[in-house]
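A.B. asks: Quick one: sequence and predicted model below, then my questions.
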Amino acid sequence: MEYFNLYANCQLVKGANMSLLCDLQMRRFYHLPNDTAEVITFLQQHAIEECLAHYGEDNRETITGYIDFLISRELGFKDHQLLPGLTPLDLSWDRYSRITNVIIEYNEAVNYNDTFFQQLFDLHVQGLEIRFYHTIAPDKIRGLLAGFNGTTLRFIKLVLPYNETLDLRTLDKLVKQYPRVKSLLIHSSPIDKQEKIFDESVPVVFFSREINSCMACGEIRTNYFTSNMELFTESQHYNTCLNRKLSIDTNGYIRNCPSMREHFGHVTTTALQEVLNNDAFHRYGKIRKDEIAVCRDCEFRHVCTDCRAYVEDPQDIYSKPLKCGYNPYTNTWDEWTENPLKQSAIAWYGLEDIVK
């Protein structure tokens, strides 16, 4: 008998009405009806002929079409047996660092070479996002980036306001001088567009909307979805936004995220170890998508980064992200700012000016 083997790196995620087949190696995903996902699941334990017999001859052409599609996308293959060595995939997740990613809201008055920051980046932080809300001279950007030389940082994202002096040529020189910079978002731009610099390796996204505070953060969009082993496995156990994240807001206060209301001290008066030993600091990082209202029924839950700063019910930490317009029960996207059920939460967070 002939069998269909789904590659181990391909993971099915079932939602209320639709499913997602995530190819974690090729970093792609496929939106499928739940009926199709059911057939794929059946094929993981039965021969193709057994599957055809189970679902009836009337569905032969449809099922063989599913299999041909999966093979054409290199998601699986036919064989004379099921190969148990392909499954299950190890979905465990861990990192040796207690903090893996950091957000800094830049403020010229803060000394980023102070003891707190030295101790923080001694923790082998991998990713850093620096947000600039106001125009800054290129020399000051270089000076700040130079302070991270010698650290274990692998990825720096810069969020910068549009400035005619920060043209692509200048940004290209900046990235070549500081190759840890892997991504740039230029807000308040005259137009929306995307470019690439440094031999087409570093994306530069020009964004027309103004970003003048952390209140612009937290939107859930399809172009933010990521299908890879790192995010998928982390999502099984932790929050995909706040797990092992530490943020420094524009006033120097230590938070999980700049948008979160609770802070854990100030960089000038609080020891890093005190923050790390505080159970409350790690609370939100443990909230999985499978535990969040509505999200737990969404097929996109393991390719989506979460937001706990802005939720539909501010009194419920397990509430759906406020800035998500997707309905997994109807599989439709709506403009979240116009949803009448979200207006009270928008007012509670003071987001009225943001949504205009």
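C.D. replies: Arrived safely, thanks for sending.
A.B. asks: Quick check, central residue of this protein?
C.D. replies: Residue closest to the mean C-alpha point of the chain, counted by Cα atoms, centre = their mean, is Thr305 at 3.4 Å.
A.B. asks: Look up the closest residue to Thr151, ignoring the ones flanking it.
C.D. replies: Among residues not flanking Thr151 along the chain, Phe121 sits closest, at 4.5 Å (Cβ to Cβ, 6 or more residues apart in numbering). Just so you know, the C-beta spots here come from the backbone N, C-alpha and C atoms, and that holds for glycine as well.
A.B. asks: Mind pulling the model confidence for Asn223?
C.D. replies: With respect to pLDDT, Asn223 scores 88.
A.B. asks: count of neighbours near it?
C.D. replies: As a burial measure, Asn223 scores 6 neighbours (other Cβ atoms under 10 Å).
A.B. asks: so it, which of the three states?
C.D. replies: With DSSP: H, G, I helix; E, B strand; the rest coil as the basis, Asn223 sits in helix.
A.B. asks: the helices in the stretch 151-300 of the chain, which residues?
C.D. replies: In the stretch 151-300 of the chain, the segments counted as helices under DSSP state H, counting those that start in this stretch are 168-177, 229-237, 272-276.
A.B. asks: winner for burial among those?
C.D. replies: helix 229-237 (a mean of 18; mean count of other Cβ atoms under 10 Å).
A.B. asks: And that helix, how far out from the chain middle?
C.D. replies: Taking Cα atoms, centre = their mean, to the nearest Å, one finds the center of helix 229-237 at 10 Å from the center of the full chain.
A.B. asks: Stretch 303-323 too?
C.D. replies: Per Cα atoms, centre = their mean, the centroid offset for stretch 303-323 relative to its chain is 14 Å.
A.B. asks: measure it end to end?
C.D. replies: Distance across stretch 303-323, first residue to last, is 16 Å (Cα to Cα, to the nearest Å).
A.B. asks: Buried ones in it, by neighbour count?
C.D. replies: Using 16 or more other Cβ atoms under 10 Å as the test for burial, stretch 303-323 gives 303-312, 319-323.
A.B. asks: Please apply the same query to stretch 178-192.
C.D. replies: Applying 16+ other Cβ under 10 Å to stretch 178-192 flags Tyr178, Val181, Lys182, Leu184, Leu185, Ile186, His187, Ser188, Ser189 as buried.
A.B. asks: Could you tell me how far the residue lying closest to Ala293 once chain neighbours are set aside is located from Gln236?
C.D. replies: Once flanking residues are discounted, Ala293 sits nearest to Lys320: 5.2 Å by Cβ to Cβ, 6+ apart. Counting by Cβ to Cβ, to the nearest Å, the separation of Lys320 from Gln236 is 19 Å.
A.B. asks: Repeat that for Ile354.
C.D. replies: Relative to Gln236, and taking Cβ to Cβ, Ile354 is found at 32 Å.
A.B. asks: residues touching the residue nearest to Asn34 when sequence neighbours are not counted, list them.
C.D. replies: Leaving out its chain neighbours, the residue that sits closest to Asn34 by Cβ to Cβ, 6+ apart is Ser19, at 5.4 Å. If you count contacts by Cβ atoms under 8 Å, 6 or more residues apart in numbering, Ser19 has them with Leu12, Val13, His31, Leu32, Pro33, Asn34, Thr36, Ala37, Glu299.
A.B. asks: for the residues you listed, which one is nearest Pro88?
C.D. replies: Nearest to Pro88 out of the contacts of Ser19 is Leu12 (Cβ to Cβ; 11.9 Å).
A.B. asks: Pull the residues that contact the helix or strand hosting the closest one.
C.D. replies: Using DSSP states H and E, Leu12 maps to strand 10-14. For strand 10-14, contacts defined as Cβ under 8 Å, 6+ apart pick out 19-24, 34, 37, 40-41, 75-76, 89, 232, 299-303.
A.B. asks: re the thing from before, which among the buried residues of stretch 303-323 gets closest to Tyr55?
C.D. replies: Of all those, Val303 has the smallest distance to Tyr55: 28.3 Å, by Cβ to Cβ.
A.B. asks: I'm done for today, thanks for sticking with me.
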